[in-house]
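Requesting a structural model of the entry that follows:
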Amino acid sequence: MKKLFSRLARDESGATAIEYGLIAALISVALITGGNLLGEQIDLTFTELSEKMKTDPIAN
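I've put the predicted structure just below:
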């Protein structure tokens, strides 16, 4: 039984998999957040351009 516990204490393969999973989750959250912020900015830019084109006498 003592050998089993000492072998489990030295085994780090599970910890490595968990670390990679956490890194992947953090990257995913960052990409989703950045995509949402970028999407909102692009929407605002196109809305502003649309309003300028409606009111600009040269565009008509």
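
do you know how far the residue most central in space within the chain is from Leu44?
Here the mean C-alpha position of the chain is nearest to the C-alpha of Leu31 (C-alpha atoms, centre = their mean), at a distance of 2.1 Å. Computed as C-beta to C-beta, to the nearest Å, the Leu31 to Leu44 distance reads 20 Å. In short, each C-beta sits where N, CA and C put it, glycine included.

now swap in Lys3 and tell me
Counting by C-beta to C-beta, the gap from Lys3 to Leu44 is 64 Å.

which of these two has more neighbours?
The neighbour comparison of Lys3 against Leu44 (other C-beta atoms under 10 Å) goes to Leu44, with 10 against 7.

Tell me how far the helix or strand containing the more buried one lies from the chain's centre.
Using DSSP states H and E, Leu44 falls within helix 13-55. For helix 13-55, the distance from its own C-alpha centre to the chain's C-alpha centre is 6 Å (C-alpha atoms, centre = their mean, to the nearest Å).

pLDDT averaged over that helix - what is it?
The pLDDT scores in helix 13-55 average 89.

what residues are up against Thr55?
Taking C-beta atoms under 8 Å, 6 or more residues apart in numbering, we find Thr55 in contact with no residue.
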